[in-house]
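Peer 1: Take this sequence and fold it.
(one chain, ligands or ions: 1)
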Amino acid sequence: MHFYEMSSRLIGDTVSKVTDNVTTVVLAASVITLILGYVSKVLLRQSSDKDLKYPPYIPSSIPFLGHAIAFGKSPIEFLENAYEKYGPVFSFTMVGSTFTYLLGSEAATLMFNSKNDDLNAEDVYSRLTTPVFGKGVAYDVPNPVFLEQKKMLKTGLNIAHFREHVKIIEAETKEYFQRWGDSGERNLFEALSELIILTASSCLHGKEIRSMLNERVAQLYADLDGGFSHAAWLLPGWLPLPSFRKRDRAHREIKNIFFKVTQKRRQSGEKVDDFLQTLIDATYKDGRPLNDSEIAGMLIGLLLAGQHTSSTTSAWMGFFMARDKSLQERCYAEQKAACGEDLPPLDYDQLKDLNLLERCLKETLRLRPPIMTMMRMARSPQTAAGYTIPVGHQVCVSPTVNHRLYDTWDKRLEFNPDRYLDDNLAAGEKFAYVPFGAGRHRCIGENFAYVQIKTIWSTLLRMYDFDLVDGYFPTINYTTMIHTPNNPVIRYKKRTQ
Ligand code: HEM
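Peer 2: Next comes the predicted model:
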């Protein structure tokens, strides 16, 4: 789960899962508190700042819940309709909070150029990320410290390491897919999710940690990932809920594994050229090295940040290629043209020459960006499109909507990788295409994600020919904001070269 997916899960989940019986009583108490907060906010808004022009507000006849149900059912449709009716900046209420969306490139500029003290990420993300990653990293520390940590992580994501990663990922993919045999119909998303945990652990954690990744450790990761839940968003963290306990136990156990490996590495004095070593050797600007707890937190973050984002993207990419057989054949032909007729093992330089495959990935990220919404808390009044956004609004930008705005994109809903050959893509608008965000919170994993997904798909295209099952192209599951494919079963047949 990417850090910020949580903020979003609330929206789809809250409505549908409030029946969780263990939490009902506490939830009721929390809801009352939220309602009181909401009512006082509404009253305050009425009594002050009458002269300011606020963003258009989408009214709702349902108090407190507001538009949560309509949004949860079909967020893209909801936002597109609102854009048409109200323009690029508008507000609405869900579950007692007011959300202000900035749609389109120009409006999004406010978020991407803002200071973290004005539009704040910790206020919306930390509640969920800190119990999972631990203290001292990411949104638990002031943003300048997190920026330093991001810089350290970026040092480890370098070309020398990518060269090794390509080999590792190709080998993991071949081994994993052996179980698929020569032909059949299988759940592609499930397979890619399992594979990506393995490849990310090999590449980003190193050999020692990867070798410990058995079913038990995979379960620990799953329990930890389960910490990104609606309960964690809504309820106080000290409650003795089973899912909180599981999350906390998994956190402790995983950290212990990472502590042992880190200490062993430190004691051995051995200098392996991998990510763990990068973090052991890294220092803050003031010269202080990372402590073991910070290293463990960053290793957890690295794994989970790329997990859902990359597995969902790879799965959608597979379905887009299975749907368009001539495109799939062009991609296969490109493998031979760029790497050689006999398809030798992949290497990083050849991977860079796979331009069509790269454009397919880029187009998949346009139509199915895994992060549907980026969020910040307005800590000071902000201005966008002539409106004043008050303190306390959750300010949002949606890559999904920006990537398909009808006044920006030509044939906006068509999967057309060749559109990137056009010099004047999306009329040159700066934030029309933002699958990895922008500004101070921009993703550091983009290059790694490209290496990982391109290597996996090069390997798979060489192994199999893919088809939709009876023409079914997966519909979108909106219940989480990482929009996964529904019933993601694909048909495959071994290639005979
Ligand atoms: C297809 C894959 C991925 C996509 C689409 C993606 C997308 C994003 C987006 C949209 C953001 C900005 C969030 C915001 O502004 O609120 C972000 C931030 C980030 N991502 Fe990724 N990501 C991907 C893979 C990865 C991987 C593999 C890693 C680690 C190796 C990673 C690490 C991070 C980090 C550390 C941040 C910074 C968060 C911040 O500064 O607040 N991501 N990513």
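Peer 1: Find the residue closest to the residue in the chain positioned nearest to the ligand in space, skipping its chain neighbours.
Peer 2: As assessed by Cβ to the nearest ligand atom, the ligand sits closest to residue 445 within the chain, at 2.1 Å. To be clear about C-beta, it is placed using only N, CA and C from the backbone, and glycine gets the same treatment. Closest residue to residue 445 apart from its sequence neighbours, by Cβ to Cβ, 6 or more residues apart in numbering: residue 306 at 5.3 Å.
Peer 1: hang on, residue 395 is in a helix, isn't it?
Peer 2: No - Residue 395: not assigned to a helix; according to DSSP: H, G, I helix; E, B strand; the rest coil it is strand.
Peer 1: my guess is it meets residue 381, correct?
Peer 2: No - using Cβ atoms under 8 Å, residue 395 makes no contact with residue 381, being 11.2 Å away.
Peer 1: okay, and the common contacts of the two?
Peer 2: Both residue 395 and residue 381 are in contact with residue 389, where contact means Cβ atoms under 8 Å, 6 or more residues apart in numbering.
Peer 1: about what we covered before: could you report the pLDDT at the residue of the chain closest to the ligand?
Peer 2: Residue 445 carries a pLDDT score of 96 in this model.
Peer 1: How about the one 3 residues further on?
Peer 2: Taken from the predicted model, the pLDDT recorded for residue 448 is 97.
Peer 1: and what of residue 28?
Peer 2: For residue 28, the model assigns a pLDDT of 49.
Peer 1: same thing with the one 3 residues further on?
Peer 2: What the model reports for residue 31 is a pLDDT of 51.
Peer 1: can you check the one 10 residues further on too?
Peer 2: You'll see residue 41 listed with a pLDDT of 54.
Peer 1: Same question for residue 406.
Peer 2: As predicted, residue 406 sits at a pLDDT of 93.
Peer 1: what number of residues lie near it?
Peer 2: Around residue 406 sit 11 other residues, with neighbours defined as other Cβ atoms under 10 Å.
Peer 1: Might you report the residue contacts of the nearest residue to it once chain neighbours are set aside?
Peer 2: Spatially, and ignoring its direct neighbours in sequence, residue 406 is nearest to residue 412 (5.7 Å; Cβ to Cβ, 6+ apart). Counting by Cβ under 8 Å, 6+ apart, residue 412 touches 404-406.
Peer 1: What parts of the stretch 51-200 of the chain come near the ligand?
Peer 2: Counting by Cβ under 6 Å from any ligand atom, the residues of the stretch 51-200 of the chain close to the ligand are 121, 150.
Peer 1: Helices of the stretch 51-200 of the chain, start to end?
Peer 2: Ranges of helices within the stretch 51-200 of the chain are 68-73, 75-86, 105-113, 122-133, 143-156, 159-177, 188-200, based on DSSP state H, counting those that start in this stretch.
Peer 1: In terms of secondary structure, what does the first one contact?
Peer 2: By that I understand helix 68-73. With contacts taken as 3 or more Cβ pairs under 8 Å, 6 or more residues apart in numbering; DSSP states H and E, helix 68-73 sits against helix 5-17, strand 89-94.
Peer 1: Buried ones in it, by neighbour count?
Peer 2: For helix 68-73, the neighbour count (16 or more other Cβ atoms under 10 Å) marks 68, 70-72 as buried.
Peer 1: Could you export that helix as PDB, CA atoms only?
Peer 2: Taking Å, rounded to 0.1, in the frame of the first residue of the first chain, the C-alpha atoms of helix 68-73 are listed here in PDB:
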ATOM      1  CA  ALA A  68     -19.400   9.900   0.700                       C
ATOM      2  CA  ILE A  69     -21.800   7.300  -0.900                       C
ATOM      3  CA  ALA A  70     -21.900   8.900  -4.400                       C
ATOM      4  CA  PHE A  71     -18.100   9.500  -4.300                       C
ATOM      5  CA  GLY A  72     -17.400   6.000  -3.000                       C
ATOM      6  CA  LYS A  73     -19.400   4.400  -5.700                       C
END
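Peer 1: Pull the number of nearby residues for the closest residue in space to residue 385 that isn't next to it in sequence.
Peer 2: With Cβ to Cβ, 6+ apart as the criterion, residue 385 has its nearest non-adjacent residue at 4.5 Å, and that residue is residue 89. Residues within reach of residue 89, counting by other Cβ under 10 Å, total 24.
Peer 1: mind checking the end-to-end distance for stretch 333-349?
Peer 2: From its first residue to its last, stretch 333-349 covers 17 Å (Cα to Cα, to the nearest Å).
Peer 1: ugh, typo on my part, it should be stretch 417-425
Peer 2: Taking Cα to Cα as the measure, stretch 417-425 stretches 12 Å from start to finish.
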